[in-house]
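Visitor: A structural model of the following input is requested.
(chains A and B)
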Amino acid sequence: MAKKLLMKGNEALAEAAIRAGVKGYFGYPITPQSELLEYMATNLEARGGVFVQAESEVAAINMVYGASGTGKRVMTSTSSPGYSLMQEGISYMACAELPCLLVNVVRGGPGLGTIQPSQGDYFQAVKGGGHGDYKLIVLAPNSVQEMANFTFLGFDLADKYRLPVLILADGALGQMMESVEFPEYNPEEHLVDHSAWATTGRVDGRPQNYITSLHLLSEKMEEINVHLQNKYKEIQKNETRCETINTNDADLLIVSFGLSARSSQKAMELSREEGMKVGLIRPITVFPFPSDIINELSKKAKGVLVVEMNAGQMVEDVRLSIKNDTPVAFYGRMGGMIPQPDDIVNELKKIKD
Amino acid sequence: MSTAEGITCENLDQMETIFERTHILHETPTSYCPGCGHSVVHRLIMEVVEELDILGDTIGVAPVGCSVFAYNFMNVDMQQAAHGRATAVATGIKRVLPNKIVFTYQGDGDLAAIGTAETIHTINRGENIVIIFINNGIYGMTGGQMAPTTLEGDVTSTTPDGRDIFRQGHPIKISEMIAILDGAYYVTRQAVNSAKTVRKCKKALKQAFQNQLDGKGGTNYVEIVSNCPSGWKMTPIASNEKINQEILDYYPLGDLKLPPKEA
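Guide: Okay, the predicted model is just below:
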C-alpha cells in the first residue's frame, strides 16, 4: 500500500512529475508556484532529468518546445503573469503538435494583481490563450491529491494526442498541505514512441525530421487547422471528465471547478441540512467541457448556480451548454477572495423558488 | 556543344571531380534572392556537418526571417523556432540530448533585437552549442526595415531619411558584448563576400562545431557579415563591395574571443 505523505500542492505535483518520468523541467520563479521550481531544482537531476532556471517565462516555454521536439517528457510551471508570457510558445507548440505538461498556479489579476488564489485565467486556459485556433486539454484539480493524480494523467494525454496539457490550479491548491498518496506508475509502460517525428539527428541517414508551425500556402494551413479541430473533437468525445455529487434528486445545481468547488461542496451539504435538494457538478476537464451532462442534469432543475473565483467566465460555457429554459445564476469573488459556503447558500436561496 | 575552352560534354565523365555539392543540402533551389549570402552559408554549414561526419547527431534550429525555411534547404533534423527564441529552443534540445550537436541559424533582427535576452543568457550559461549569426543589416523577409545592425545613415523603409543615431540608436555590436561573457568559448566575425572570406568563414564554422564536439568550454558563436542585394537595392557585386568599403569598418572581421590555450 502506498505511503501517505503530507505535502504542499506544488510539491506533490513536482514529485508526481518526477515519478511520471519527466526528463526536462524549465521554469522561472513566480509566486505562488515557486516551490514547484525549487522542488525540481533539488530533486530532478538526481532522479534522471534536467533542470534549467530560464531567464524568463518566454525562454522557459521555448526550452520546453525544443526539448519536447526531441520526444522527451518535459514540462514547465508558472503563475498567471508568467503564463501570459508563455502564450506565444504555447501557440507554436499547439500547431507543431508538441506534447508537454504546463502548470498554471493561478493568482489574482489583471496586471501584477495579487499572489492570492484566483480562477481569473479560465478564459485564457480553455479558449486557447495565444493567437490562432487551438485548444489545450485543461485539467482542474481541487485537492493536493488531484494535483498529483492529474500530473500522471496530463503527461499521458499529452503524449497520446500530441498537444500541451495544462493543469489549471490556483494559489491555494499550490500552497496548502494535504495528505497525498502516489499511485503505482511505471513510466516505461506509459511512454509513447515519438521517433517518427522527433528531431534527434538523422541516424543512419534516415529521412529528415523537422518541426515547424509555418505553412505559407493557405490550402496547407487550412488542412493543418482542420486536422487540429478534428483532434479536439476526438478529445471532446473521449476525454471529458466530470464529478457529480447528489445530482440524482437535485432540483438546484451548483456548477463549480477547482478550489471554488470545495466551498460549493460545503455549501451543498449546509443547504441539504436545511432541506434544499442541491447537487454539485464539478468539471474536471474544463476543456473539453462537460456540456452534455450539464445540459442533461439541468433539465429537471429549477435553477443552476455557477460559482467561480472570477467575474464570471465558466458561466458562459454553462449557458452555452444548457439548451432549455432553466435559469443560470452566477456568484463569484475576485482579486484573491474565496467564495464562502454561507454566502453560496444565500445565493442558492435566492434562486430556489 | 562547347561549354568552355577545351571542355566538351562528351568528355565530362572522364574528368576528375574536384568539387561536389554536398548531399546534405536538399536537391532543391533555395528561396533566396540571387547573390544573397544565405545560400553560401547554408552550403558551408552542411559541408562542415559532412566533413565532421555528424549527420546522425546534428539538430539545427531555424529562426524567423528569410531563413525561416532553412530546413527545406539543409537536410538535417531541424526545429523552426519563434522569432528570437532559437537559442532557448537549442538550450532545451541540448540539455535533454547532451551528446547531440546543436546549432542555431539566426538573423540580426532575431538574435540582436527581439531575441537579445535569449542570446545573452544562453551564452552566459555557456550552453555547448553553435550559434550562427547572419548580420546583413536589414529585415529582409518583411521588406527592408531597419535592423539593430543597420549602419548610421543607411536608408531603409523605416529609416527613409537614413538611420539617425539620436532617434534610432546605434548599430549594435552584439558580438563584442557577447565576447565579454564568461560563458562564451569562441566568438568570431567572418564574411562571405569573396572567395577568400568564404574559405576563412568555413574554417571558423568548422572550428565552432569541432569545439562543440570536443565538449569543452561554453558557447561557440560565429557572426557572418552578409549582404542583402534586394533589401539594400543593389546588385550582388555592389552589395559585396559595400561590405568591404563601409560595413567592415564598423564591424571588423576577426576573432573576438579565442578558447584559452591548453596548458
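Visitor: could you check how far the residue of chain A found nearest chain B is from A:E45?
Guide: With Cβ to the nearest Cβ as the measure, A:G66 is the residue of chain A nearest to chain B, at 2.9 Å. (Glycine included, C-beta is placed from N, CA and C.) A:G66 is 18 Å from A:E45, where distance means Cβ to Cβ, to the nearest Å.
Visitor: neighbour count for these two, which is higher?
Guide: More crowded of A:G66 and A:E45, by other Cβ atoms under 10 Å in any protein chain shown: A:G66, with 32 against 12.
Visitor: around chain B, which positions in chain A sit nearby?
Guide: A:23-24, A:26, A:50, A:52, A:54-56, A:58-60, A:62-70, A:72, A:74, A:88-89, A:92, A:96, A:199-205, A:208-214 (Cβ under 8 Å from any Cβ of the partner chain).
Visitor: which ones among these map onto strands?
Guide: Among the residues of chain A next to chain B, the members found in strands (DSSP state E) are A:G24, A:F26, A:V50, A:V52, A:V74, A:Y210, A:I211.
Visitor: neighbours of residue 75, just the number please.
Guide: No chain in the question, so chain A it is. 31.
Visitor: can you look at chain B instead?
Guide: By other Cβ under 10 Å, neighbour count at B:N75 equals 22.
Visitor: next: B:R167.
Guide: 8.
Visitor: would you say it is within a helix?
Guide: Yes. Assessed with DSSP: H, G, I helix; E, B strand; the rest coil, B:R167 lies in a helix.
Visitor: what pLDDT does it get?
Guide: Looking at B:R167, its pLDDT is 97.
Visitor: ok, now which ones touch it?
Guide: By Cβ atoms under 8 Å, 6 or more residues apart in numbering or on different chains, the contact list for B:R167 is empty.
Visitor: how about 10 Å then?
Guide: If you count contacts by Cβ atoms under 10 Å, 6 or more residues apart in numbering or on different chains, B:R167 has them with B:T159, B:D161.
Visitor: show me what A:L280 bridges to in the sheet.
Guide: Here A:L280 sits in beta bridges with A:I245, A:I254, going by DSSP bridges.
Visitor: count of neighbours near it?
Guide: 21.
Visitor: quick one: low-confidence ranges for the stretch 101-250 of chain B?
Guide: Applying pLDDT under 70 to the stretch 101-250 of chain B picks out no residues at all.
Visitor: look up the closest residue to the residue in chain B positioned nearest to chain A, ignoring the ones flanking it.
Guide: Closest residue of chain B to chain A, Cβ to the nearest Cβ: B:G92 (2.9 Å). Spatial nearest neighbour of B:G92, excluding adjacent residues (Cβ to Cβ, 6 or more residues apart in numbering or on different chains): A:G66 at 2.9 Å.
Visitor: contacts only, for the one you found.
Guide: Applying Cβ under 10 Å, 6+ apart, the residues contacting A:G66 are A:24, A:26, A:74, A:98, A:199, A:211, B:59, B:61, B:79, B:81, B:85-97, B:102.
Visitor: likewise for B:L253?
Guide: Contacts of B:L253 by Cβ under 10 Å, 6+ apart are B:188-191, B:197, B:200-201, B:204, B:223-225, B:243, B:247.
Visitor: repeat that for B:I132.
Guide: B:41-42, B:44-45, B:60-61, B:63, B:67, B:86, B:103-106, B:111, B:190, B:204-205, B:208, B:220-224.
Visitor: tell me which stretches of chain B form strands.
Guide: B:2-4, B:7-8, B:58-62, B:77-80, B:101-107, B:130-135, B:138-139, B:145-146, B:184-191, B:219-225, B:254-257.
Visitor: which elements pack onto the last one?
Guide: Under the contact criterion of 3 or more Cβ pairs under 10 Å, 6 or more residues apart in numbering or on different chains; DSSP states H and E, the helices and strands touching strand B:254-257 comprise helix B:174-179, strand B:184-191, helix B:195-214, strand B:219-225.
Visitor: adjacent strands (with direction) for that strand?
Guide: Strand B:254-257 has these strand partners (DSSP bridges): strand B:184-191 (antiparallel).
Visitor: what is the orientation angle of the strand it pairs with with helix B:195-214?
Guide: 160 degrees (axes from the mean of the first three to the mean of the last three Cα atoms, to 10 degrees).
Visitor: between strand B:184-191 and strand B:130-135, how many degrees?
Guide: Using the same axes, to 10 degrees: strand B:184-191 against strand B:130-135 is 30 degrees.
Visitor: okay, angle between strand B:184-191 and strand B:219-225 too, please.
Guide: Using the same axes, to 10 degrees, one finds that strand B:184-191 and strand B:219-225 are set 10 degrees apart in direction.
Visitor: give me the buried positions along strand B:184-191.
Guide: B:A184, B:Y185, B:Y186, B:V187, B:T188, B:R189, B:Q190, B:A191 (16 or more other Cβ atoms under 10 Å in any protein chain shown).
Visitor: which two from those residues end up farthest apart in space?
Guide: Pairwise distances across the buried residues of strand B:184-191 (Cβ to Cβ) peak at 21.4 Å, for the pair B:Y185 and B:A191.
Visitor: now the helices for the stretch 201-350 of chain A?
Guide: Under the criterion DSSP state H, counting those that start in this stretch, the stretch 201-350 of chain A contains helices at A:218-239, A:258-273, A:291-298, A:314-321, A:341-351.
Visitor: any idea how far B:T235 is from B:C228?
Guide: For B:T235 relative to B:C228 (Cβ to Cβ), the value is 12 Å.
Visitor: quick check, distance from stretch A:315-333 to the centre of its chain.
Guide: The chain centre lies 21 Å from the centre of stretch A:315-333; the measure is Cα atoms, centre = their mean, to the nearest Å.
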